[in-house]
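# Next comes the sequence, and after it the predicted model I'd like to discuss.
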Amino acid sequence: MRHFPVFVNVDGRRVVVSGAGETAIAKLRLLLKTRARISVFGADPEPLVRQWAEEGRITLTERPVETGDALCARLFYAANDDATEDARAAAIGHAAGALVNIVDNLDDSQFITPAIVDRDPVTVAIGTEGAAPVLARKIKADLEERLPASLGVLARIGQAFRVRADMLGDAKKRRAFWTKFYFGAGDRALKAGGEDAVRKTLETLLTDGIETRHGPGFVTFVGAGPGDPELLTLKARNALHEADVVLHDKLVPQPVIELARREAIVVETGKKGFGDAWKQDDINALMIDHANRGAHVVRLKSGDPAVFGRLEEELDALDRAGVGFQIVPGITSASAAAASIGRSLTRRGRNASLRIITGHDAEGFADHDWRALARPGEAAAIYMGIKAASFLRGRLLMHGADAETPVTVVENASRTDQRVVAATLGTLPERLRQAGITGPAILLYGIAPRGAAAAVADLADMHHEAEAV
């Protein structure tokens, strides 16, 4: 880290800007959000700079900065869009003891101005050490969308209420209180009735929190999606942020798990390679135990929890124990796999329906209506089908399926190590062996890769064949 991020107090302090053109205006727009006393020096100022001076928002001197003009300045900006003049002005700022920034000159600047998301008094600063300004702008845009415009007003009102919120006692209750306020109830109250309604809402939340201080916990089932953290829903991210306990399957990747709070208890409840696995009853008992202690438990499942996730078994256990729950759906692997090969899961004239089936069930290889699936124009997304590939081929061919029916295999769908293998029903087991598929994969029966995706699949196959040689 070359630049240490700090927030400088400029309340009532001088900030001097050398330059009054477009370059200076870009900095002034940010500085005008502060409580600094802003002095601008520059010949032939832009009309907007004159307007700000006439409105009393800045002090304007229509000449270049001179020695003595930067006395008592906390910050000094050289923004003349001229390297020679900027160097001269910067020397004046240095002599006055101010921190100096030369616009578009990272090496000679003592500080940099980050991209800012302003929700005063909440401020988010984003810097990239000058390496990727476009990346900082993208992050800023994303945060602008995620943080409601009302957040600053809510933070100001909430700040005055913090002492009252201490009545809730433990940190977990206070965290839940403020989460409800900032990301739901407070915003709704502000839109409905203004600041008075916000203060009444704080009182109501406080009363409810005190009354339920020793109440039961809660379980949120969260779909982690196929693996790419960017495919998580906002609701899933919020649930992870609020969780006291996270119980996750083995297929959930580490970047998703790391979105949980540092203080959260994180437990993997999946299989350990080919060794022992957690029993379903043990997982149920662990969820219920944490919830009965008052914890917010997130049960984090790969893909969508309602698709081959044994969801209802766990819901039944919670019902019997009297533990409340909610379900946050996720993007299932079939959707991610189809997207990766440029296909939809259904298409008029190709397949009007889609079967979602599994290659394995609790008894071993799963049995299905093979006669129906073998008909021309049928399609299926087959989960857990790699080890069952020969079994699937045999059953389908036995019931009349065409050996040339396309089957696309997508390993680690949506992840950086994703691979696509294009096959037919007749060649499926051999193609899987050639490719050496080891990660979680989904079979798209009756759906072939599209153009570029097919080419990528072929190149991947050629690469693996070359390695084998």
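Received the coordinates, thanks.
# and residue 416, how many neighbours?
Counted with other CB atoms under 10 Å, the neighbours of residue 416 add up to 9. The C-beta positions use only the backbone N, C-alpha and C, and glycine is treated the same way.
# Can you pull the phi/psi pair for residue 332?
With angles defined as degrees, to the nearest 10, residue 332 sits at phi -80, psi 160.
# residues touching it, list them.
Taking CB atoms under 8 Å, 6 or more residues apart in numbering, we find residue 332 in contact with 223, 226, 303-304, 307.
# if we go to 6 Å?
Residue 332 makes contacts with 303-304, 307, as judged by CB atoms under 6 Å, 6 or more residues apart in numbering.
# And it, how far from residue 226?
7 Å (CB to CB, to the nearest Å).
# pLDDT score assigned to residue 357?
According to the prediction, residue 357 has pLDDT 92.
# Check the contact between it and residue 368; I expect there is one.
Yes: between residue 357 and residue 368 there is a contact under CB atoms under 6 Å: 5.4 Å.
# circling back: out of the contacts of residue 332, name the ones that lie in strands.
Here DSSP state E is the test, and the contacts of residue 332 give no hits in strands at all.
# Using JSON lines, please lay out these together with distance to residue 253.
Formatted as JSON lines, the contacts of residue 332 follow (distance: CB to CB, whole Å):
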{"residue": "303", "distance to residue 253": "12"}
{"residue": "304", "distance to residue 253": "16"}
{"residue": "307", "distance to residue 253": "18"}
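# Identify the residues contacting the helix or strand harbouring residue 145?
Element membership of residue 145, judged by DSSP states H and E, is helix 133-146. Residues outside helix 133-146 that contact it (CB under 6 Å, 6+ apart) are 115, 117, 124, 126, 128.
# go with 8 Å
114-117, 124, 126-128, 234.
# now do stretch 5-17
Residues outside stretch 5-17 that contact it (CB under 8 Å, 6+ apart): 24, 27-28, 31, 34-42, 65, 69-70, 72-77, 79, 93, 98-99, 114, 123, 125, 127.
# State the mean pLDDT of that stretch.
Rounded mean pLDDT across stretch 5-17 is 94.
# rewinding a little: of residue 357 and residue 368, which one has the most company?
Taking other CB under 10 Å, residue 357 and residue 368 do not tie; residue 357 has more neighbours (21 against 16).
# wait, is that one part of a helix?
No: Residue 357: not assigned to a helix; according to DSSP: H, G, I helix; E, B strand; the rest coil it is strand.
# Was I right to think it contacts residue 367?
No: the criterion here is CB atoms under 8 Å, and residue 357 misses it with residue 367 at 9.9 Å.
# Tell me which stretches of the stretch 1-150 of the chain form helices.
22-31, 47-54, 83-95, 133-146 (DSSP state H, counting those that start in this stretch).
# Arrange those in CSV, one row each, with mean pLDDT as further columns.
As requested, the helices of the stretch 1-150 of the chain are exported to CSV (pLDDT from 0 to 100):
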stretch, mean pLDDT
helix 22-31, 94
helix 47-54, 96
helix 83-95, 97
helix 133-146, 86
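# Any chance of those helices in CSV with mean neighbour count and distance to residue 383 as columns?
Putting these into CSV (neighbours: other CB atoms under 10 Å; distance: least, CB to CB, whole Å) gives the following:
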stretch, mean neighbour count, distance to residue 383
helix 22-31, 18, 51
helix 47-54, 15, 60
helix 83-95, 18, 62
helix 133-146, 13, 32
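# For residue 311, find the nearest of the ones you listed.
The closest of the helices of the stretch 1-150 of the chain to residue 311 is helix 133-146. By CB to CB, the value is 28.1 Å.
# ok, the residue nearest the centre of the chain to residue 331 distance?
Residue closest to the average C-alpha location in the chain (CA atoms, centre = their mean): residue 230, at 5.1 Å. Using CB to CB, residue 230 is found at 10 Å from residue 331.
# Neighbour-wise, give me the winner out of the contacts of residue 332.
The most crowded member of the contacts of residue 332, judged by other CB under 10 Å, is residue 303 (28 neighbours).
# ok, what's across the strand from residue 61?
Note on residue 61: beta-bridge partners by DSSP bridges are residue 41.
# Let me know how buried it is, in neighbour terms.
Using other CB under 10 Å, residue 61 has 16 neighbouring residues.
# That one contacts residue 69, doesn't it?
Yes: look at residue 61 against residue 69 with CB under 8 Å: they come within range, at 7.5 Å.
# Show me whatever sits in contact with both of these two.
39, 41.
# Could you look up the SS state of residue 342?
Following three-state DSSP, the label given to residue 342 is coil.
# So what does residue 296 have for phi and psi?
phi -90, psi 110.
# list the contacts for residue 35?
Shown in contact with residue 35 (CB under 8 Å, 6+ apart): 10-12.
# in this structure, what spans have low per-residue confidence?
Along the chain, the parts satisfying pLDDT under 70 run over 209-216, 271-276, 362-363, 451-469.
# Could you identify the longest helix within it?
Across the chain, the longest stretch assigned as helix under DSSP state H is helix 186-211.
# and it, what does it pack onto?
Contacts defined by 3 or more CB pairs under 8 Å, 6 or more residues apart in numbering; DSSP states H and E place helix 186-211 against helix 151-159, helix 162-165, helix 171-180.
# I'd say residue 268 and residue 248 touch.
Yes: between residue 268 and residue 248 there is a contact at 5.9 Å, judged by CB under 8 Å.
# More neighbours: the two, which one.
Taking other CB under 10 Å, residue 268 and residue 248 do not tie; residue 248 has more neighbours (24 against 15).
# Any figure for the gap between that one and residue 321?
Shown here: residue 248 relative to residue 321, a distance of 21 Å by CB to CB.
# cool, and residue 369?
Noted for residue 369: a distance of 36 Å to residue 321, by CB to CB.
# between the two, which one's more packed in?
Using other CB under 10 Å as the criterion, residue 369 and residue 321 rank with residue 321 on top: 16 against 10.
# before we move on, which element is residue 423 in?
strand 419-424.
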